[in-house]
Structures are given as structure tokens and as C-alpha cells.
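Chemist: Structure here, sequence nowhere to be found:
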């Protein structure tokens, strides 16, 4: 960037990798390449950014010398240039207005989705079916379930959740899953695992939930079973308190656990624990490394739910277990189920468009609403003051 000469007009530009949010006369510029941030509530700066973002201006706006020398504008421009978020160009160096390609969110709006759900379905949404969780018990009809599985498109991840060992002909079901090229996870409590048949043991991953207080006899038994078979394992530690978290740390260190997740669980009495460990601060939000694509995705889909369905033993299918069923695999095709979720459901497209998020400049930097918001009956889980 060359030094600024006096008494000349400039073209002001914002870089295409910079996300700009303006809400209630408060502006945020977020550099998706480095995570640096500029915030301003100066009216002159807000006006300049609004002009720059107008589609007809295409990310480039004329900045007169008189305007540039205003204290607020000058300080803002210097900050933008120092953080590589934008630049100014002497008008005498350009034969005309420079071209800048700003990224615009222009996929389709939600009114279009709800009025014409085929718009998103025709964009190969079935190929986006990324994860299917099968909740199984002794009532599962294995023959019907396999018939459904044979019609599924793509290779989504399969989560086999619940009491797989109580399913009649569970060996037949596991044999089908074994032949399918999709990733396969057996999801159950650490107290419920059993040895896999050698023919299957290399094709599945155990995802074991662990709750506290820990039953050390069951824990040691499960560890012995896992040592006897080369089955990959991921631990999901369900924690209700900081004390549980400390015990998790001890288990990880003592048993050299490499793959694990910590899952805070709300029990109605541990809100302070959630406020300390789950609720986001402004620093938490801005510390996430996000691309422009990530930010745009959060304006359209729920990053937690999109592409995922849960199938119950009776075939009832949910996009989120906290919301009504969107179909039944024994009476509806997967296309019909996805169509209904897009048309009527509230899971895949559940985004931060409600109060107070729609009045916050960090609205699309925050993760999508999760199940925690539903469980705690709160629209947002943050400490950000507006």
C-alpha cells in the first residue's frame, strides 16, 4: 500500500474476504483470513460502509478528499488498511471505477424455500443427507429396515444407537451395515458394549457415552473388552458439573484416551455450570476461524441439524428429536421425508433470525441454534451485551 498523497480523491474498497455486518448503527468488519476485527459506531463510518455495500457500488465507493480528511473516516481508513481489510486508490491512477467482486449471499431466501421447496430439493439436497441415526431395540423389524437402507442415496454416516444386542437377528443387520461402504458408529453406554464378531470388528467404530458417577467395575470391564478387539472407540463424556470435567481429565490421562468429546448435559439445576462453560462471550465468538462460506451457511441452514435424520424403532423419522416427526420410513420415501422437513419442519433451516440475535452484529458469526437452546428454553446462549 503506497503512502497517501494530499488533496486528491480516492476510491475506497473493501476486500472480498471481509465480512461486514451493520446492525442498529453499529458496524463490524471481520477478516476471514486472519480473524482480525474492526468495530465502529461512528455515523460517518456507518454511512461510508453502507454506500460501499450497495450492490450498484460493487464494493467500491468514491471517497472525496474532504470526506477522507474527516477525523472519524481517516482513522477508520487507516485501521482498515493496517489490517488488510480494504484500501484506497488515487482516482488519477484509474481510468474509471475499479472493479471489486464482493461476496453476496444470493442463494435463495427462506420465503422461496417455503413456497417452492423443490428449489432446494432440485439442488441435489438428497446428496446432502450426511448422517442417519437408527435408534434400535427389540421391536425393530430388521427385514423392513434393510429394505429401506437399500434405497438410500449416497453414503451417509450410520449411527446405530441404543440396544443393538437386543435386536432379533442383529447379526443380519450388522452384516448388512458391514457390506455398506458408509462409516458406521455403534452408539451406546460404556456399560452396554459387547464383543463384536471378528468379521465385523474392523468396520465399525464404538461411540461410547459415559455418565457420572462412574461405575468402575463396568468401566474396567468395557476397557478389557476393547483391548480384546481392534475396534476404534470414541468416548462421549456426559458432564453436569466442573467436578465431572475434572474426573474426565483424570480418566483421559490415566487411560491415555485419544479420541473423546465432552458433552455438557442440562439437568434443570446446573444453569451456573452452563453459563460458565457453554455460554459464549464476545471473545469466544470472534476467536472462531470462519470463512465467508461458513458465515453464509449459517444464514441458510442449521449447521448442527442439516442433512441429519433420526429413525426410531417403529420407523418414525425426525430431523431433530426435539421437534415433531417428519415422516415414517415404512410409509414414506426418503425424498418425501426430506421434502416435508424443508416445507414444514423447523430443524434443518433453524437459524439465528429471532430476537435478540437479529439485533446483534455477531448474528452470523455465532454457531447455529443448538439443542441446548431448546432444552434451556432460551433463544441464545451468550454473554454478549447489546
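Modeler: Structure received. As the structure is a computational prediction, the values presented were derived from the model and not from experiment. Numbers count the residues shown, from 1 in each chain.
Chemist: from here on, contacts and neighbour counts on C-alpha atoms
Modeler: Noted.
Chemist: Contacts only, for residue 165.
Modeler: Shown in contact with residue 165 (C-alpha atoms under 8 Å, 6 or more residues apart in numbering): residue 137.
Chemist: For the stretch 201-350 of the chain, just list every one of the strands.
Modeler: Remark: strands assigned in the stretch 201-350 of the chain by DSSP state E, counting those that start in this stretch are 205-210, 233-239, 260-264, 308-311, 316-318, 327-328.
Chemist: er, the stretch 1-150 of the chain actually
Modeler: Under DSSP E, counting those that start in this stretch, the stretch 1-150 of the chain gives strands at 10-14, 18-23, 26-31, 37-40, 60-63, 86-90, 131-136.
Chemist: give me the low-pLDDT residue ranges for the stretch 1-150 of the chain?
Modeler: 1-6, 103-125 (pLDDT under 70).
Chemist: For it, which segments count as helices?
Modeler: 43-53, 65-68, 71-82, 110-115, 118-121, 142-149 (DSSP state H, counting those that start in this stretch).
Chemist: As a markdown table, these with mean neighbour count would be great.
Modeler: Shown next, in a markdown table, are these (neighbours: other C-alpha atoms under 10 Å):
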| stretch | mean neighbour count |
| --- | --- |
| helix 43-53 | 17 |
| helix 65-68 | 15 |
| helix 71-82 | 15 |
| helix 110-115 | 13 |
| helix 118-121 | 16 |
| helix 142-149 | 15 |
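Chemist: follow-up on the earlier one: between the strands of the stretch 201-350 of the chain, which one is closest to residue 364.
Modeler: strand 308-311 (21.4 Å; C-alpha to C-alpha).
Chemist: Any stretches of the stretch 151-300 of the chain with poor pLDDT?
Modeler: Judged by pLDDT under 70, the stretches of the stretch 151-300 of the chain that qualify are 201-202.
Chemist: Can you tell me which of the strands of the stretch 201-350 of the chain is nearest to residue 379?
Modeler: Comparing the strands of the stretch 201-350 of the chain by C-alpha to C-alpha, strand 260-264 comes nearest, at 18.0 Å.
Chemist: In space, not sequence, find me the middle residue of the protein.
Modeler: For the chain, the residue nearest the mean C-alpha position is residue 303 (3.0 Å; C-alpha atoms, centre = their mean).
Chemist: quick one, domains of the chain?
Modeler: Per the record, the chain has its domains at 10-93, 111-264+307-348, by automatic domain parsing.
Chemist: Could you export those domains to CSV, including columns for distance to residue 361?
Modeler: Shown next, in CSV, are these (distance: least, C-alpha to C-alpha, whole Å):
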stretch, distance to residue 361
domain 10-93, 6
domain 111-264+307-348, 23
